[in-house]
Structure formats: C-alpha cells, structure tokens
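1. Give me a 3D structure for the following:
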Amino acid sequence: MLDAWGLPFQTVHTNAVRCSHNPPSPEFLNYCDSIGFLVVDEAFDKWKSGYYEQFFDECWQQDIRDMIVRDRNHPSIVLWSIGNELAEATRKDNVGVERATLLRDFVHKLEPTRPTMLALAPAYQDKFASVTDVVGYNYSELSYIEDKKKHPERIGLISESYPYYSGLRPYEARDYSPKNPWNYVMENDYFCGSFVWAGVDYIGESMGWPSKGWAATLFDMCMDEKPRAAYLRAMWTDKPVLKMAVVDYSIDEDPGKDHWQTPPMVHDWTFPYTDSRVLPIHTPSNCDEVVLIPLFGISLIDLGRWLLSDTRMVKRCAATAFRQVKLKQHVSHLHLTKPYCKQTDKTLLSLLYNYLMKMGCL
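-> Down below sits the predicted model:
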C-alpha cells in the first residue's frame, strides 16, 4: 500500500520527508527505512498557542518521550523537530527561548545522537532561532541567507517552501517572485535541503467550497503527478528530463491558496476554443538546449532554439528564460531550467518527438 505513495516520489528523485505536524505511523517509518528516505520526525505543531495550548503544560514531556522512545531505532530519522511556526518565536522577552531550550534539552537527554530542529515562520526573534541544533525556515530562503551572514556557524534548511514562487525580501514571504525556491538551494551550498509544501493533496485547509482540501501540491490524491512537479523532477536528477505543459487560465481546477499557487498547467492539448488563443508552453528541462518541433508547417528556424548552457542566466533570470515565437495564431513561451547534462540536438529532437507522440500531437 505504501508503495503507491513512495514510488511516485522516488520517480521524481525525492529523498527526504518532513512529517508535519505530528509523528507518523510506525509502518510509515518502516517503509522509509526500507527505501532509504530521510525523515524529520516532528512532535507537534504549536506550543502554548492554538489547539495544543490547553495540553502543553501537562502533555509535552509525555508526547515527546512517546515519539522518541518509539522511533529512535529507525535509521531513516535524521532530525527531531520540536515545533512549527511557534508564537513564542516573536516574543522579545526570554519566554520563548527558555521554552525552546527546555524542549531541546529534554530531547538531547532521551536521544543525544540526532540534532534537534524547529521550524520558523518568516517573523521571529534572532535569539529564538539560535536555540536548536538546526534551524528550519518556512518560506524564508532569503532570511536564511541573511542569518548566515550574521551566524556563519548556523546550520539550516528550508522546512517549508512554495512549490513555484518565492519571496523577494528577508523575513517576509508574501511575494510572487518567479524564482523557484529550489534555486536558492542550488546556489548556496550551506542549504541542507528544502521541503516543498506539500507533496500530496490532502483533506483539510480548504480555501472554501467547492474546494475540499489543500490542492497546491506536486501530486493529487491518486498520486498522479501534476505538471508543476516537472521543474523539480528536472532539478533532482542528472538524467535527461524534458517535459511539456500548456498554461491556460480557463482550466477548471482548484488553484489552492494564493502564494502556493502555480500557473494552471496541463499536459494535454485538448482545449474548448474555436478561435485563436495565445497559450504559453512550459518545457522544464535539465538539458543544454530545447528545440520546439514545428507542427504547422513552419520551419525550425522560425521557432528558434533555447540554450541552457549559461548558468549565469539561471541565477539572473530565476531559471526562467523565455522568448516568444509565432505559431500561426499562437505564441509559445519556453520555461527553461538549470542545465545538468549535455544532450545533442538529435537526442533532444527524439525526446520531444516521443513526448508529442505520446500526447497524441503527431
């Protein structure tokens, strides 16, 4: 049963899971042990706020003890997380620091071989972020970059990231930069990694009817891969990857919450229009060059080539190099990604040809 969940993630070369915001089942950890996934085991979400506030004083020790004693022999676990987006993080007094220190020391006493972590919302006090062995930054790639300048010894990771957009300012995540958050991990070796929120659609946190849950993810509830996952698929492997999707804002789909959204994309070319429309085409790839094959009697030179060999372009343009080309009444935008492997024109044409054949376009 768990293979239905794990195998799709393996195909996009995922290698780590953050359990949020509670410990997972023993069966899940056994499965992660067996396939080599790394796991962040998380005790709870909030401390003395939200739903857990009424239980914290009486239950925090028992809840942490239950998690660690049960799970400490699982080799997949690499971090103990003691909280997420905590209200105490913004307090200017020492209450938050003292509480975090209390939980950290309790974990170390029970299991001293693995580091502790807590996940920060974009707003926090610097002294609070200095308590645990590892700091998790939620939607705050630029915050970690700034904190690393002040604290070169700090070890951190992105504990939650948007699937498509990123922030433009440190300590403030409410922006819509087209730079994918994973690019910050590629550009900065001290980033330990990044966890996309979220991997799979789930019931809960709906944005209102007719939505029934959280839909801004990489996979739907049937574990079918969404087009938005293609970028990360290309980034997380050295093997050649070339995908294609069409952006169409008339698509009837649950868009999810604002900052977690991506442009609405589909893998197919079946649209209801009888007139001519301008539709962007995204082609995430880790190859050096992408060539769009003419389908409507236009020569290859009219369509052009998109080179991905200049890594400076990736950093400057947020890994989204694009140009416009005339396809009868249609315009195609090519969304390109950072190169990892070199491919010949012949191989690229073959990849595109096979893809278009599969999609019924030829």
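2. The longest helix belonging to the chain: which residues count as buried?
-> Using DSSP state H, we find that the single longest helix of the chain is helix 53-71. By 16 or more other C-beta atoms under 10 Å, the buried positions in helix 53-71 come out as 56, 60, 63-64, 67-68, 71. To be clear about C-beta, it is placed using only N, CA and C from the backbone, and glycine gets the same treatment.
3. Kindly report the same for stretch 265-277.
-> residue 265.
4. Please save the CA atoms from stretch 151-170 in PDB.
-> Output for stretch 151-170, consisting of C-alpha atoms alone and laid out as PDB, is shown next (Å, rounded to 0.1, in the frame of the first residue of the first chain):
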ATOM      1  CA  HIS A 151      25.800  33.500  12.200                       C
ATOM      2  CA  PRO A 152      28.300  31.600   9.900                       C
ATOM      3  CA  GLU A 153      28.000  28.600  12.200                       C
ATOM      4  CA  ARG A 154      24.300  28.200  11.800                       C
ATOM      5  CA  ILE A 155      23.000  25.000  10.200                       C
ATOM      6  CA  GLY A 156      19.700  25.400   8.400                       C
ATOM      7  CA  LEU A 157      17.300  24.100   5.900                       C
ATOM      8  CA  ILE A 158      14.000  25.200   4.200                       C
ATOM      9  CA  SER A 159      11.400  23.300   6.300                       C
ATOM     10  CA  GLU A 160       8.600  24.500   4.000                       C
ATOM     11  CA  SER A 161       8.800  26.100   0.600                       C
ATOM     12  CA  TYR A 162       6.300  27.200  -2.000                       C
ATOM     13  CA  PRO A 163       6.100  24.900  -5.000                       C
ATOM     14  CA  TYR A 164       6.600  27.600  -7.600                       C
ATOM     15  CA  TYR A 165       7.000  31.200  -6.300                       C
ATOM     16  CA  SER A 166       9.400  32.600  -3.700                       C
ATOM     17  CA  GLY A 167       9.700  35.700  -1.600                       C
ATOM     18  CA  LEU A 168      11.700  38.900  -2.500                       C
ATOM     19  CA  ARG A 169      12.600  40.100   0.900                       C
ATOM     20  CA  PRO A 170      14.100  38.600   4.000                       C
END
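5. How far off centre is that stretch?
-> Computed by C-alpha atoms, centre = their mean, to the nearest Å, the separation of stretch 151-170 from the middle of its chain amounts to 11 Å.
6. Ok, stretch 159-178 next?
-> When C-alpha coordinates are averaged (C-alpha atoms, centre = their mean), stretch 159-178 and its chain have centres 11 Å apart.
7. same question, stretch 255-272
-> The answer for stretch 255-272 is 17 Å, by C-alpha atoms, centre = their mean.
8. Span of it from start to end?
-> Distance between the two ends of stretch 255-272: 20 Å, counting by C-alpha to C-alpha, to the nearest Å.
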